[in-house]
Each structure stands twice: as structure tokens, then as C-alpha cells.
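Enquirer: have a look at this fold, sequence not included:
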């Protein structure tokens, strides 16, 4: 995990705490804690093989919702969402000098690198990005949660949450720690912070540095994939870093689209009935991904939204069970033209929000030098907005090209006639004498 200035003393005290609780053992544990580019990480001190157990954390060391429910703060956490309960328990323990998690708590970074915690000057580099919109939405949500659900608890129980941890900033910090360090295998109502496990940094694959015989060679950093489905925007917001997004299958450069069947649509009820049949709602989210064409699901939903005029017959009850199958392919020239036009307008609108071009960002990224916090943030911001713009440009190129090729596409009527044998594969009318007895 990233952030914070760590001292050898804190690491040594944390290691002793782990030894005392049977997690690590001198001379047998195949890794050590060390400073790495990300902050702190785990470095293999011997070859680690496929079936080797790295460590096992006893349940008593988990800073979890279950532990909170067995603590003096339990009655004040009733009916709260799990993440709020864990954040408040974290603040309670942080304020206790004698906390049994003290060596672990002392190792947690005081400053986090997620854009959620950036100053306004840093956030200016994200102007126009989807990432900035997500940051501001999270901030608004956390502020509202603090005022409505958290502040009343903290102010009524100063003996459990002294002033040092009873602030909006402290709660935001706890939220950041919980969001970035909660162990994925313990997600749900009993989420937990897992000491030592949260020192494993992100790598591009589930096992980085692996060969045919081993997962990690000696002196390599032990890493794990934080989630193959996470985009660079997710990684930035949750953890405070971005990676080379790659191109094509598995890319992390993505742009999230939110599409909605308009309430004022003449056929809104029929379209929502169709959407419901296929597990969709009035509002759906899809991702545009770098190096990949828009998904068939995305195109089908846009075509469903655009169904109108003569094409609306597909919404009739007789077609209801098969309409989504039909809109997975071009419906009519008019429908496909509407799809392309609406997407082109939307993508151009999104691109107009950025204050720099792709070429300017590429040059700027090459000129950024240094590794201080401000420089790292600027590099992350430029990388994030560059990734978004590349995805949007590719999407725009796809729909502009498709708009030019409308006459080359095969539509529902033509497919239907072919299925009846009335058109051949070239699209020509089948000779009449083939149907004579």
C-alpha cells in the first residue's frame, strides 16, 4: 500500500508483534518488510513455491466488524453499514494508546494518495475527467454520511472517540483506509483490515515474477492483482495509483457510460418491460475499453433506446421474447443512424470537457520528473485523463466509421427475408422459379 513516512522502528515493532502472535518466525518466514517504490512491501528472502504458505493471520488479529461488535463501542454501531462500523472502530482503536493493534495502527499511513484526499490545486489537473466526477461524488457522500450518521455518535461519546478522532477529516481518513485495505475475501457484513496482508502491493498479474517452478524468486517483491476488472480510474480512486493500462482484452483504460431509457419516450413502458426480461433496468452502465469495440450488450441497449417509428413493431408482444436478440444486430438504417448520431454527440461532448489534447498530455507526461508527492499526483492525473481521452477517441472513431458504412450493414428486414429464402446471400431476390413445383 502507498503513502506515509515509515521508520525502521515502526517496522521492527510491527514485526515483533507478528512474531509474538505466531504469524512470522525468525529464520523460517520467507519474506521481509522493506521499503519499495509504493511505500512498504514484502520482499521474498527465498524462493517461494506454489504450495508454500506465506503466512496465516489468526482471527484475533483481524481488525474487523466482528471485533467491533465484541468491543465497548458495539452498542453505538448497531444498524450501521459494515464499512461505517469498521471505520468508527478503527478510529476508536487509533485513539487508544494501549490498543492491542497499536503496532499495526502505527504503521498505517497518515496521508493517502487517492485523489479523494488531494488539495484543490492538485485536482485542477483532473479537470474534465470522469475520475474527478467520481472523486467529488465520493466526497459529497462521505460528508453527508458524517453529518447525518457519524457526527451524532462521536459527539455523544467523547470517552470512546476523543476530539483527535472525532472530526470529518479523521472519518475521511478511516474511510480511505477501510476502502483501500479491506481484504477482498472478507467483503460483506464482516469486512476486516488484515495486518501484514495489506502490505502486499498490486502487480499486473495474480502472481508477478512467477516461473514454471516458483511464484516469486528470491529478492523479488510479492504482489497480487487488486482486481482484474478494476480500471485505472478505480485504482486511482481506491488506492492512489495507476498502471500501464494496456490495449485490448484486460485493458485497465476504460470510460464508464451511463445510458437511460428516457421517461418521455413514447414507448418507455414497452422498452422497460423488454429490459427487465433480460435483467436490465431503465438506467444501465457500460464500459468503453481501449483497443476493443463497444460491447454487443452496449450496442443492443442503445438500439433498444432508439427504437421508434416503423421499427417499434419489435416491441409488440409477439416479439417480446426475442426483441433483445434482434437488437443485438442492426435493426434498420434509421435506427443505426440514430445510435451512431447519439453516441457521436455524447462522446464529443465528453471530449470537450478536457482542457488539453492527447498530444499535449503525452508531451507533458514525458516531461514530468521527480518522485515527491506533488509530482506523483501530477503524473497520476495526466495519466488518468490521457487514458480516458484515448478511450473516448477510439469510441468516436468507431461510431463515425460506422455512420459512414450504414449502407454496407445488414438489417432486420434483410435478415428476415434471407431466413425465409426470399433473398440469397448476396442480398439479391431469389428467382421465382425456384419456388415453383
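Expert: Perfect, thanks for sending it. Bear in mind the structure is a predicted one, so any value in this text is a computation, not a measurement.
Enquirer: low pLDDT regions in this protein?
Expert: Scanning the chain for pLDDT under 70 picks out the ranges 1-6, 183-188, 204-214, 422-437.
Enquirer: the domain parsing of it - what is it?
Expert: The record assigns the chain these domain ranges, following automatic domain parsing: 8-202, 246-419.
Enquirer: and those as JSON lines, adding mean neighbour count and distance to residue 218?
Expert: Quick note: C-beta positions are derived from backbone N, CA and C, even for glycine. As requested, the domains of the chain are arranged in JSON lines below (neighbours: other Cβ atoms under 10 Å; distance: least, Cβ to Cβ, whole Å):
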{"stretch": "domain 8-202", "mean neighbour count": "17", "distance to residue 218": "6"}
{"stretch": "domain 246-419", "mean neighbour count": "16", "distance to residue 218": "26"}
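Enquirer: turn those into TSV, including distance to residue 225.
Expert: Listed next are the domains of the chain as TSV, based on distance: least, Cβ to Cβ, whole Å:
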stretch	distance to residue 225
domain 8-202	7
domain 246-419	10
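Enquirer: surely residue 267 is in contact with residue 312?
Expert: Yes - under the criterion of Cβ atoms under 8 Å, residue 267 makes contact with residue 312 at 5.8 Å.
Enquirer: tell me which element residue 223 falls in.
Expert: Using DSSP states H and E, residue 223 sits in strand 221-224.
Enquirer: tell me what the helix or strand that contains residue 12 is packed against?
Expert: Using DSSP H and E, residue 12 sits in helix 8-20. Contact partners of helix 8-20 among helices and strands, from 3 or more Cβ pairs under 8 Å, 6 or more residues apart in numbering; DSSP states H and E: strand 31-36, helix 102-107.
Enquirer: identify the residues contacting the last one?
Expert: Outside of helix 102-107, the residues within contact range by Cβ atoms under 8 Å, 6 or more residues apart in numbering are 6, 10-11, 13-14, 16-17, 40, 61, 63, 93-94, 96, 99, 193, 195.
Enquirer: need the next SSE after that helix, C-terminal direction.
Expert: Downstream of helix 102-107, the next assigned helix or strand under DSSP H and E is helix 120-123.
Enquirer: quick one: that following helix to chain centroid distance?
Expert: Relative to its parent chain, helix 120-123 has a centroid offset of 22 Å by Cα atoms, centre = their mean, to the nearest Å.
Enquirer: give me the next element, helix or strand, following that helix.
Expert: Once the chain leaves helix 120-123, the next helix or strand it forms, by DSSP H and E, is helix 130-145.
Enquirer: distance from that following helix to the middle of the chain?
Expert: How far helix 130-145 lies from its chain's middle: 14 Å, per Cα atoms, centre = their mean.
Enquirer: repeat for stretch 8-27
Expert: Averaging C-alpha positions (Cα atoms, centre = their mean) puts stretch 8-27 33 Å from its chain's average.
Enquirer: repeat that for stretch 223-236.
Expert: So, by Cα atoms, centre = their mean, the centroid of stretch 223-236 is 7 Å from its chain's centroid.
Enquirer: same question for that stretch: list its buried residues.
Expert: 223, 226, 230-236 (16 or more other Cβ atoms under 10 Å).
Enquirer: what about those, which are in helices?
Expert: The members of the buried residues of stretch 223-236 that map onto helices under DSSP state H are 232-236.
Enquirer: picking up where we left off before, show me which pair in the buried residues of stretch 223-236 is furthest apart.
Expert: Using Cβ to Cβ, the two most remote members of those are 223 and 233, lying 20.6 Å apart.
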